[in-house]
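Enquirer: give me coordinates for this.
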Amino acid sequence: MPARDESLDAVKYILIVSVIFGHCLGHSCDYSLNQGVYNFVNIYHMPLFIFLSGYFSKKYNLKIKEERNHFLVSQLKLLETFIVFNCVHQLLVIHSINVFLMFKSPSWSLWYLLSLFLWRTIVQLLPNKIVCSTGMIPVFFLFGLAVGLVPIDGFMSFQRTCTYLGFFMSGFILSKKNFVSMIRSVPRCVPAMVLGLVLFCCLFFFAFDMHKIIWGYYSYQQSGLDWTAALMFRFCFFVTAILLGLSILSLIRKKVNVLSLYGKKTLFFYVYHTLLLYGVFALVRKLELPMELPFVILYTLVVVALLHIGTRIKFLSFVINPVSGVVQKVVAKKK
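Expert: Below you'll find the predicted structure:
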């Protein structure tokens, strides 16, 4: 097995910070500058994050007992994390636990965990000739465009799972093709120009509410647009997200020790950051603190710093997989 490309862990860290920044901006989009930056960040952070999730995923041979067990355990641990943190969110928001509701409409950003479970399952169910063929990548993206015609929103994260399927599958397929090395042969000035151009367009031409297009949560019918216009916008979103993702991968070419280290802990950052945001922005509103862009950046840095501290607290890591953690300790003692 080839050595893990730790420069991609640095990319993952930048992406998880972008996710946190985007969620902070979501509280302050009354300002047009914040809205433009919000659109820019949301165009690239989840598509590339999902691409890398696919890139680091594996297709197991389920006929081999050891591989089958490894796949089932990893999937169960993912579901465990999904259920645990949905319970925490529900207790904070509706003060009760509703298991049906958490699957019907996952809390805030936790849709990604359910979608990741489904994407990994899809990889296992599809034959190798499909999941190993670069020719299938456009088909998965076309499926993501077509699913917008189905009037289903947040149920089981269905709309988002299907919308972003092309990014996950392209990451999985291209991980076998030495893809990242190829795009890093492009001169750095090219991806830098692409990033600058898209940011400029977001700030000066698209500084309005685009969440029904870029979230992947809504069907075309629910977007408030004619279905042909909504489909065109989603197509443009896919193209722009791919360009930005390729640009970021091309720019970050080396392992960055600190970023790579914490880039391996993105699940911790992902599941805990929304809980911190509840508290931080409750305090911001109570104290009537400013919400302009420089202050939003400051709030983001505070949340990121707290998460860095949190990674050192063993109990918080234990909470991510409490049941499987106890089971593993019991099994280890018996051995």
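Enquirer: where does the stretch 151-300 of the chain have low pLDDT?
Expert: Applying pLDDT under 70 to the stretch 151-300 of the chain flags the ranges 153-154, 207, 255.
Enquirer: so L62 is in which element?
Expert: Using DSSP states H and E, L62 maps to neither a helix nor a strand.
Enquirer: from V323, how far off is it?
Expert: Per C-beta to C-beta, to the nearest Å, L62 is found 23 Å from V323. Heads up, the C-betas are built off the backbone N, CA and C, glycines and all.
Enquirer: ditto for V123
Expert: From V123 over to V323 the distance is 25 Å, taken as C-beta to C-beta.
Enquirer: also G279?
Expert: Counting by C-beta to C-beta - G279 and V323 are separated by 26 Å.
Enquirer: which helix is the longest one in the protein?
Expert: Secondary structure assigned by DSSP state H gives helix 65-93 as the longest helix of the chain.
Enquirer: can you name the element that comes right after that helix?
Expert: Past helix 65-93, the next helix or strand by DSSP H and E is helix 99-104.
Enquirer: how about residues contacting that following helix?
Expert: F82, I83, N86, C87, Q90, L110, L114, G154, F155, M156 (C-beta atoms under 8 Å, 6 or more residues apart in numbering).
Enquirer: check the average confidence over it, would you?
Expert: Averaging pLDDT along helix 99-104 yields 82.
Enquirer: please save the CA atoms from the following helix or strand past that helix in PDB.
Expert: Per DSSP H and E, the first helix or strand lying C-terminal to helix 99-104 is helix 111-125. Extracted C-alpha coordinates of helix 111-125, given in PDB (Å, rounded to 0.1, in the frame of the first residue of the first chain):
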ATOM      1  CA  TRP A 111     -26.100  15.300   7.300                       C
ATOM      2  CA  TYR A 112     -22.500  14.700   6.000                       C
ATOM      3  CA  LEU A 113     -22.000  11.700   8.400                       C
ATOM      4  CA  LEU A 114     -25.200  10.000   7.100                       C
ATOM      5  CA  SER A 115     -24.300  10.800   3.500                       C
ATOM      6  CA  LEU A 116     -20.700   9.400   4.000                       C
ATOM      7  CA  PHE A 117     -22.300   6.200   5.300                       C
ATOM      8  CA  LEU A 118     -24.400   5.900   2.200                       C
ATOM      9  CA  TRP A 119     -21.500   6.800  -0.200                       C
ATOM     10  CA  ARG A 120     -19.300   4.100   1.300                       C
ATOM     11  CA  THR A 121     -22.200   1.600   1.000                       C
ATOM     12  CA  ILE A 122     -22.700   2.600  -2.600                       C
ATOM     13  CA  VAL A 123     -19.000   1.900  -3.400                       C
ATOM     14  CA  GLN A 124     -19.300  -1.500  -1.900                       C
ATOM     15  CA  LEU A 125     -22.500  -2.400  -3.800                       C
END
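Enquirer: export the contacts of helix 99-104 to TSV and tack on distance to I43 and neighbour count?
Expert: Listed next are the contacts of helix 99-104 as TSV, based on distance: C-beta to C-beta, whole Å; neighbours: other C-beta atoms under 10 Å:
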residue	distance to I43	neighbour count
F82	26	24
I83	30	18
N86	27	23
C87	32	16
Q90	30	17
L110	21	22
L114	22	22
G154	21	14
F155	25	11
M156	25	16
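Enquirer: tabulate the residues you listed (CSV), appending distance to G54.
Expert: Below are the contacts of helix 99-104 laid out as CSV (distance: C-beta to C-beta, whole Å):
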residue, distance to G54
F82, 18
I83, 23
N86, 23
C87, 28
Q90, 29
L110, 19
L114, 16
G154, 22
F155, 23
M156, 20
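Enquirer: tell me which of these has the lowest pLDDT.
Expert: For the contacts of helix 99-104, the pLDDT minimum is G154, 66.
Enquirer: ok so, going back, widest-spaced pair of the contacts of helix 99-104?
Expert: C87 and F155 (19.4 Å; C-beta to C-beta).
Enquirer: what about G166, helix or strand, and which?
Expert: Going by DSSP H and E, G166 is in helix 165-174.
Enquirer: report the angle between that helix and helix 111-125.
Expert: Counting by axes from the mean of the first three to the mean of the last three C-alpha atoms, to 10 degrees, helix 165-174 points 50 degrees away from the direction of helix 111-125.
Enquirer: got a list of what the most centrally placed residue in the chain touches?
Expert: What sits nearest the mean C-alpha location of the chain, by C-alpha atoms, centre = their mean, is M46, with 4.0 Å. M46 is in contact with V19, Y112, Y164, G216, counting by C-beta under 8 Å, 6+ apart.
Enquirer: check A10 too.
Expert: Taking C-beta under 8 Å, 6+ apart as the criterion, A10 is in contact with I252, K254, K255, V256, L259, S260, G263.
Enquirer: for V73, state which of the residues you listed is nearest.
Expert: Among those, and counting by C-beta to C-beta, the member closest to V73 is G263, at 23.1 Å.
Enquirer: re the thing from before, mind listing residues that contact the helix holding G166?
Expert: Contacts for helix 165-174 (C-beta under 8 Å, 6+ apart): 47-48, 50-57, 59, 119, 122-123, 131-134, 136-137, 140-141, 143-144, 180, 238, 241, 245.
Enquirer: can you show me the CA trace of stretch 58-72 as CSV?
Expert: What follows is stretch 58-72, C-alpha atoms only, in CSV (Å, rounded to 0.1, in the frame of the first residue of the first chain):
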residue,chain,number,x,y,z
LYS,A,58,-11.5,1.9,0.3
LYS,A,59,-13.5,-0.8,-1.4
TYR,A,60,-13.4,-4.0,0.6
ASN,A,61,-13.5,-7.6,-0.5
LEU,A,62,-16.6,-8.6,1.5
LYS,A,63,-15.9,-12.3,0.8
ILE,A,64,-12.9,-12.1,3.1
LYS,A,65,-14.0,-12.2,6.7
GLU,A,66,-11.4,-9.8,8.0
GLU,A,67,-12.1,-7.1,5.4
ARG,A,68,-15.9,-7.6,5.8
ASN,A,69,-15.6,-7.1,9.5
HIS,A,70,-13.4,-4.0,9.0
PHE,A,71,-16.0,-2.5,6.7
LEU,A,72,-18.9,-3.2,9.0
